[in-house]
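**Q** what shape does this take:
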Amino acid sequence: NGVIEPIVVRPFPGGAFELVAGERRFRASVRAGLKKIPAVCRVMDDRKSLEIALIENIQREDINPLECAEAYKRLIEEFRLTQEQVAERVGKRRSTVANTLRLLSLPEPILKSLAAEEITEGHARAILSLQDQRAQMRLWQQVLLRGLSVRDTEGLARSPESLKSQRRKLNVARATAGVDANLANVEDKLRRFLGTRVAITRSGGSKGRIEIDFYDDEDLMRILDLMSQI
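**A** Predicted coordinates for the structure are as follows:
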């Protein structure tokens with residue numbers, strides 16, 4: 001059926017046009033071999049062009065929450081917009097914009113974990129409810145090591161004493177199972193390489209078990225493809 005929503009371009013010297021918004025639609029039309037697609041031509045300066053590009057990027061369905069937060073931050077800092085004005089431009093509630101921006105205050109290791117999709121935005125928000133960064137780091141480590149759900153993470157965030165208790169239990173369990181520092185290091189490398197939760201446990205002697213989580217058929221195929229490269 002071709003491209004339904006027009007791309008946005010602006011006039012460029014020499015009779016050419018510069019793409020402002022709709023890069024994904026443009027690339028898809030090229031792959032499909034389309035000769036013509038609808039476009040809206042607008043005269044605008046570099047500043048306005050960047051603003052439109054940022055807003056369109058935010059409205060992508062597959063945008064990473066950190067990418068979204070960084071885009072909000074740029075709109076506020078570079079274009080002197082308030083959170084309310086940003087919300088109006090992107091069609092979101094102000095509270096949504098504010099909560100997304102708060103993600104940027106998390107410790108760097110947690111931000112990297114969120115960007116790598118080791119944790120979800122829901123996990124990050126639960127961790128963010130803790131005021132102390134050391135407590136945030138402890139809870140984040142629990143999420144990774146135990147594969148906690150968002151609900152479980154929220155529960156631990158509401159009960160710091162429970163978090164300490166769970167941490168003690170986990171340390172005892174890991175020691176009892178014989179998961180030494182070297183094994184934990186291997187587990188961490190596999191988790192980062194595969195982009196999912198990995199658990200290694202010993203069952204006695206030199207025997208053990210490796211558990212690798214996947215979330216759907218597509219994720220399973222992704223993991224198998226990565227394992228074939230090892």
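
**Q** dump the residue contacts of Pro11.
**A** Phe17, Glu18, Cys41, Val43 (Cβ atoms under 8 Å, 6 or more residues apart in numbering). (C-beta placed from N, C-alpha, C; glycine too.)

**Q** which one of the residues you listed is nearest to Ala199?
**A** Distance to Ala199 across the contacts of Pro11 (Cβ to Cβ) is lowest for Glu18, with 50.0 Å.

**Q** what's near enough to touch that closest one?
**A** So Glu18 contacts Val9, Arg10, Pro11, Phe12, Ser49 (Cβ under 8 Å, 6+ apart).

**Q** going by neighbour count, list what's buried in the helix or strand where it lies.
**A** Secondary structure assignment for Glu18, by DSSP states H and E: strand 16-21. For strand 16-21, a neighbour-count test (16 or more other Cβ atoms under 10 Å) marks Leu19, Val20, Ala21 as buried.

**Q** would you turn those into TSV with pLDDT and distance to Asp216?
**A** Shown next, in TSV, are the buried residues of strand 16-21 (pLDDT from 0 to 100; distance: Cβ to Cβ, whole Å):
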residue	pLDDT	distance to Asp216
Leu19	89	33
Val20	88	35
Ala21	86	31
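
**Q** where in the protein is pLDDT low?
**A** Scanning the chain for pLDDT under 70 picks out the ranges 1-4, 160-181, 204-205, 230.

**Q** now the helices for it?
**A** For the chain, the helices defined by DSSP state H cover 23-31, 46-58, 65-79, 83-90, 94-102, 108-115, 121-128, 133-146, 150-158, 160-176, 181-194, 217-227.
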